[in-house]
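Asks: make a model of this:
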Amino acid sequence: MGIYEELVARGLIAQVTNEDEIRDMINNGKATFYIGFDCTADSLTAGHFMALTLMKRLQLAGNKPIALIGGGTTMIGDPSGRTDMRRMLTMEDINHNAECFKRQMERFIDFGEGKAQMINNADWLLKLNYVELLREVGACFSVNNMLRAKCYEQRMERGLSFLEFNYMIMQSYDFYYLFQHYGCNMQFGGDDQWSNMLGGTELIRRKLGQDAHAMTITLLTDSQGNKMGKTAGNAVWLDANKTSPFDFYQYWRNVGDADVLKCIRMLTFLPLEQIDEMASWEGSQLKPWCTARRRRRRPRPPPRRSSSAAGATPICPPPS
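Replies: Below is the predicted model:
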């Protein structure tokens, strides 16, 4: 079984631009792909964790990941799936959040020479001249198509600002830039990003006459269709200072029986054959096994503080 077939079996793939070409690329380690992470908070969440596990799976299969820190796109704010405009962050806040993301990602992904790369889109987006950008790529975007995009759907009823309307262009430009300067030929993202990702592949095709590909990851939802990774309206954070190891454990411990196998397939690296054996188990048989296994395999919580002459310092201190 190739990595593409494994992703399908784990229920991770939602939409693809060209299945045959994408299968060939990732099964043979020919993909240089990126996943974007906007710096809207000072910690990654359980939702980001699924993207990181996908990145790790593809890296182990010989593909080259790019973790794109959204220092530039965070200045705009992604309207996808939101009913209101995101809070505007200062550059200081965004830079601080970016540093926290970097430290967390390094715990999951192997970065270095010939391995994964971590890049910040502020390096090119913040240098753009607006008029020059419009002349370079503006004609490649149809306003009619943009207004029909899924990522703007929820905002059209309550009002979409021109600032947020530009987000699709910024994300598309990222792919266009990475394709030219880093050989990036594929983009992965959540299924709510599909319209933005198609904007990037179309921009590359129209400006460069070449093909690039996109694949969306299935959103992690429960059996009622509710987005998982939040508890009592709050995100489940990967930072132990924001969600304690106990609360993180309890969140997954309390997942409904109908959703346990799906979570194990999508979020763990357990062999599929082993997971398939569990399908015949009853809830009372499955839940204790998962609990015991999580206790045995649960990693130690990341160190929250490091000692120094000045005293204990948080691993991601707030910006001064």
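Asks: mind listing what's buried in stretch 123-131?
Replies: Going by neighbour count (16 or more other C-beta atoms under 10 Å), the buried part of stretch 123-131 is 125, 128. For every residue, glycine as well, the C-beta is placed using N, CA and C.
Asks: ok, now stretch 174-188?
Replies: In stretch 174-188, counting by 16+ other C-beta under 10 Å, buried: 174-179, 184-188.
Asks: next: stretch 215-234.
Replies: 215-220, 228-229.
Asks: mind listing residues that contact that stretch?
Replies: Here stretch 215-234 makes contact (C-beta atoms under 8 Å, 6 or more residues apart in numbering) with 11-17, 22, 45-47, 50-51, 54, 186-194, 197, 235-236, 247, 251, 255-256, 258-259, 263, 266-267.
Asks: how does it look with 6 Å?
Replies: 11-12, 14-16, 22, 45-47, 50, 54, 188-191, 194, 236, 251, 258-259 (C-beta atoms under 6 Å, 6 or more residues apart in numbering).
Asks: what mean pLDDT does it get?
Replies: For stretch 215-234, mean pLDDT rounds to 74.
Asks: from one end of it to the other, what's the distance?
Replies: For stretch 215-234, the first-to-last residue distance is 28 Å (C-alpha to C-alpha, to the nearest Å).
Asks: tell me which element residue 50 is part of?
Replies: Assigned by DSSP states H and E, residue 50 falls within helix 46-60.
Asks: what's that helix in contact with?
Replies: Residues from elsewhere that reach helix 46-60, judged by C-beta under 6 Å, 6+ apart: 35, 65, 108-109, 217, 220, 229, 236.
Asks: out of the residues you listed, what pair is the most spread apart?
Replies: Within the contacts of helix 46-60, 65 and 236 form the most distant pair, 23.2 Å apart (C-beta to C-beta).
Asks: could you list the domains of this protein?
Replies: Here the domain parsing of the chain from automatic domain parsing is 3-217, 230-301.
Asks: show me the strands in the stretch 101-250 of the chain, by range?
Replies: 117-120, 186-190, 213-217, 230-231, 234-235 (DSSP state E, counting those that start in this stretch).
Asks: one step back: now the helix holding residue 50: how far from the chain's centre is it?
Replies: 8 Å (C-alpha atoms, centre = their mean, to the nearest Å).
Asks: what's the answer for stretch 267-277, then?
Replies: So, by C-alpha atoms, centre = their mean, the centroid of stretch 267-277 is 22 Å from its chain's centroid.
Asks: per-residue pLDDT, the spatially most central residue of the chain?
Replies: The centroid of the chain falls nearest to residue 51 when counting by C-alpha atoms, centre = their mean (4.3 Å). At residue 51, the predicted lDDT confidence score is 92.
Asks: cool, and residue 287?
Replies: 60.
Asks: what of residue 292?
Replies: 53.
Asks: picking that back up, now the buried residues of stretch 174-188 as CSV including pLDDT and distance to residue 142?
Replies: What follows is the buried residues of stretch 174-188, written out as CSV (pLDDT from 0 to 100; distance: C-beta to C-beta, whole Å):
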residue, pLDDT, distance to residue 142
174, 97, 19
175, 97, 17
176, 97, 16
177, 98, 21
178, 98, 23
179, 98, 21
184, 97, 24
185, 97, 24
186, 97, 24
187, 97, 20
188, 96, 25
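Asks: can you add distance to residue 149 and give the residues you listed back as TSV?
Replies: Formatted as TSV, those follow (distance: C-beta to C-beta, whole Å):
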residue	distance to residue 149
174	16
175	16
176	18
177	21
178	21
179	21
184	22
185	23
186	20
187	16
188	18
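Asks: quick one: which of those sit in helices?
Replies: 174-179 (DSSP state H).
Asks: and these, which two are furthest apart?
Replies: 174 and 179 (9.5 Å).
Asks: off-centre distance for stretch 10-17?
Replies: 14 Å.
Asks: which positions in that stretch come out as buried?
Replies: 10, 12-13, 16-17.
Asks: cool, and stretch 27-34?
Replies: 27, 31-34.
Asks: wait, which of the ones in helices among the buried residues of stretch 174-188 is closest to residue 128?
Replies: Of those, the one sitting nearest to residue 128 (C-beta to C-beta) turns out to be residue 177, at 9.9 Å.
Asks: and the closest residue to that closest one other than its chain neighbours, what pLDDT?
Replies: Distances taken as C-beta to C-beta, 6 or more residues apart in numbering place residue 124 nearest to residue 177, at 5.4 Å, with adjacent residues excluded. The confidence metric pLDDT takes the value 97 at residue 124.
Asks: same question, residue 251
Replies: Predicted confidence (pLDDT) for residue 251: 89.
Asks: what angle sits between the host helix or strand of it and helix 46-60?
Replies: Element membership for residue 251, per DSSP H and E: helix 245-253. Interaxial angle, helix 245-253 versus helix 46-60 (axes from the mean of the first three to the mean of the last three C-alpha atoms, to 10 degrees): 80 degrees.
Asks: what residue ranges in the stretch 1-150 of the chain score low on pLDDT?
Replies: Applying pLDDT under 70 to the stretch 1-150 of the chain flags residues 81-85.
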